[in-house]
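# Pasting the sequence and the predicted model now:
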Amino acid sequence: MMDPISRSITEFCLDLYNKLNRNAKDTNIAFSPMSISVALGLVHLGARNNTAAQIEKVLHIRKDAGRMSFGSDLESAALEMEPERSQERQSSLSQQFLTCAKELYAAMLQTVDFHSAVEVARIKINSWVESETQGKIKELFAPGVIDRRAVLVLVNVIYFKASWEYKFEEQKTVQKDFKLNQNEKKPVPMMYQKGMFKLGFIEEMGAQVLELPYAQKTLSMIILLPGDMADGSTSGLEQIESTMTCENLVLWTSSEHMFETRVEVYLPRFKLEGTFSLNELLKEMGMTDIFTESKADLSAMSFTNTLVLSNVVHKTYVEVNEEGTVASAATGAVAVARSLPLTEVFMADHPFLYFIRYNPTNTILFFGKFCSP
């Protein structure tokens, strides 16, 4: 069962993936649907009328679900805004909005001067992002991305660090060919381990679904691996993508659909960074008013009617290695499973989709495609 917020995030996730994927056939994709939803939820707090309705539609917020209120300790969002030129700083913002933003999203509002000191503002934002991500994301805004006309910039970063419940042993990682497509291969460091894991099959397309739990098991990485591309027909990845609805995703990864079995897991070590300016994508998805000066209604955020959203930038950093996702030095006893006669092989040596899920609520924190080492 999925709670309404998780469902909204999954629906938004698939919409956004399909948009990003149109221009990224042979490119890796990595983004955090939860993180972007939270950031836009923050803007939604300050929006009214049609501007608010458009955000609700894009985020699949159902009216009965009320305001989106999911903060998370993985989450950092910040609104950087230009103070009204003539007034005292911050006085143009509604106190109620500031309080809600802090309580619901742990979001901080920074007043910066985009007009006369845009470079100082850019450096200030970048250094905040760098410290929030333990130095992994260095320069979120390149010079020139924020211009002097900027009024409100939504900065959204997510940094994820966790160790696998069962680590891969480094000495078992070997170079192995990754099939980019029918004809091309590229060597990758392929991690290996054998153990008890939850595995599922999507019969109609011969795909495998594997769950790799992180320590404490509240989070898991789920990998959707298409059948091997032996027949030369359209790739199995496209088959999965075209049938990937919210319902199917829940079904394919449900506990009824997956069973615990002994699996030999081969998974490439990979590092993915995704940086997106979401302005154009969000407009295509239906959020047009908020970027348009004559139409934006952010009157619940500010008493001045001049607020318009200038930029939405999202950056994701995901690293998958033997220790876990982004290395951390935790050690634990390894349970040795009894040897069973049947061993399944999960060989991720061709393009696959993956997502990281917060298991208690079935919420997708990260989503992406790995197709190009």
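Looks like it arrived, so ask away.
# Which residue lies closest in space to Val265, excluding its sequence neighbours?
In space, not counting the residues next to it along the chain, Val265 is nearest to Phe346; the distance is 5.0 Å by C-beta to C-beta, 6 or more residues apart in numbering. For glycine as for every other residue, the C-beta is placed from the backbone atoms N, C-alpha and C.
# name the element that neighbour belongs to?
If you go by DSSP states H and E, Phe346 is part of strand 344-347.
# Tell me which stretches of the stretch 151-300 of the chain form strands.
152-159, 162-163, 174-179, 185-202, 207-213, 219-225, 258-268, 270-277 (DSSP state E, counting those that start in this stretch).
# Likewise for the stretch 1-150 of the chain?
Using DSSP E, counting those that start in this stretch, strands in the stretch 1-150 of the chain cover 29-31, 75-81, 108-111.
# If I average pLDDT within each of the ones you listed, which one is lowest?
Confidence, taken as mean pLDDT, is least for strand 75-81 of these (a mean of 57).
# list the helices and strands the strand holding Phe346 packs on?
strand 185-202, strand 219-225, strand 258-268 (3 or more C-beta pairs under 8 Å, 6 or more residues apart in numbering; DSSP states H and E).
# The same query, at a cut-off of 10 Å, please.
Helices and strands touching strand 344-347, as assessed by 3 or more C-beta pairs under 10 Å, 6 or more residues apart in numbering; DSSP states H and E, comprise strand 185-202, strand 207-213, strand 219-225, strand 258-268.
# which residues sit against that strand?
176, 190, 192, 194, 197, 199, 201, 208-210, 212, 223, 225, 228, 259, 261-267 (C-beta atoms under 10 Å, 6 or more residues apart in numbering).
# let's see 7 Å
Residues outside strand 344-347 that contact it (C-beta atoms under 7 Å, 6 or more residues apart in numbering) are Leu199, Gln208, Leu210, Leu225, Thr261, Arg262, Val263, Glu264, Val265, Tyr266.
# Would you mind checking those for buried ones?
Buried members of the contacts of strand 344-347, scored by 16 or more other C-beta atoms under 10 Å, are Leu199, Gln208, Leu210, Leu225, Arg262, Val263, Val265, Tyr266.
# Show me the beta-bridge partners of the first one.
Meaning Leu199. Beta-bridge pairing for Leu199 (DSSP bridges): Leu210, Phe259.
# if we can go back for a sec, same list, the contacts of strand 344-347, but as TSV with pLDDT please.
Below are the contacts of strand 344-347 laid out as TSV (pLDDT from 0 to 100):
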residue	pLDDT
Leu199	94
Gln208	95
Leu210	96
Leu225	96
Thr261	92
Arg262	92
Val263	94
Glu264	95
Val265	96
Tyr266	96
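# Just name the closest of these to Ser294, please.
Set against Ser294, the nearest of those by C-beta to C-beta is Leu225 (48.5 Å).
# I'd like to check which residues are in contact with that closest one.
Ala207, Gln208, Leu210, Phe346, Ala348, Phe352.
# For those, give me TSV that also has distance to Val320.
Converted to TSV, these look like this (distance: C-beta to C-beta, whole Å):
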residue	distance to Val320
Ala207	20
Gln208	17
Leu210	13
Phe346	14
Ala348	10
Phe352	12
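# Any regions of the stretch 151-300 of the chain where pLDDT drops low?
229-234 (pLDDT under 70).
# The same query, at a cut-off of 90, please.
Scanning the stretch 151-300 of the chain for pLDDT under 90 picks out the ranges 151-163, 169, 180-183, 203-206, 215-218, 227-236, 254-257, 270-279, 290-294, 296-300.
# hang on, the earlier thing: mean neighbour count, the strands of the stretch 151-300 of the chain: which tops it?
Most buried of the strands of the stretch 151-300 of the chain by mean neighbour count (mean count of other C-beta atoms under 10 Å) is strand 152-159; its value is a mean of 24.
# so that one versus strand 270-277, what angle?
Here strand 152-159 runs at an angle of 170 degrees relative to strand 270-277 (axes from the mean of the first three to the mean of the last three C-alpha atoms, to 10 degrees).
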